[in-house]
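Student: let me see the structure of the following:
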Amino acid sequence: MLCQGVAETYGKSYKAIIQASMASTRLSGEVMLPLSGSPVLEHIIRRVRLSEHVNDILIATMFDKSDDIITKLAGRLDADGFRGISDFVLGRVTQTAH
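Tutor: Presented below is the predicted three-dimensional model:
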C-alpha cells in the first residue's frame, strides 16, 4: 500500500478525474448505459468515492448538449463537472486538474 503510506506520511489528499462523454465513437452513450439498475458512470463515481484518500471527484466532459445528462448525474452524486473542448481529451483533463 505505497500510495496509502505516502498519503498518511505527508497528509495528502487527492482529486480523481473521470473522463466521460456521450459521444464515444465505439459505443455512443456508454457511460449512461444501465448496469445493475444504475448508469455505468454512477458505479464508477461510487467506487472512486470509496478511496479514503480521494477527497474530490471531478468529471471531465465536453460542451456538447448531449453531455448535459453527465453533468446532472455528477451533480446529483456530489461530483464536480468540468466542460472542455470536444476534440482534445488530454486538454480537457489537464484543464480540469487546474
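
Student: so in the protein, which strand runs the longest?
Tutor: strand 54-62 (DSSP state E).

Student: ok, and what's touching that strand?
Tutor: 13-21, 23, 41, 45, 48-49, 67, 70-71, 74, 77-86, 89, 92-93, 95-97 (Cβ atoms under 8 Å, 6 or more residues apart in numbering). The C-beta positions use only the backbone N, C-alpha and C, and glycine is treated the same way.

Student: what's the next secondary structure element after the lowest-mean-pLDDT helix or strand in the chain?
Tutor: In the chain, the helix or strand scored least confidently by mean pLDDT, DSSP states H and E is helix 2-10, which has a mean of 47. The helix or strand immediately downstream of helix 2-10 is strand 14-19, counting by DSSP states H and E.

Student: got the contact list for Ala79?
Tutor: Shown in contact with Ala79 (Cβ under 8 Å, 6+ apart): Ile18, Ile45, Ile57, Leu58, Ile59.

Student: can you tell me the closest non-neighbouring residue to Ala60?
Tutor: Among residues not flanking Ala60 along the chain, Thr96 sits closest, at 4.3 Å (Cβ to Cβ, 6 or more residues apart in numbering).
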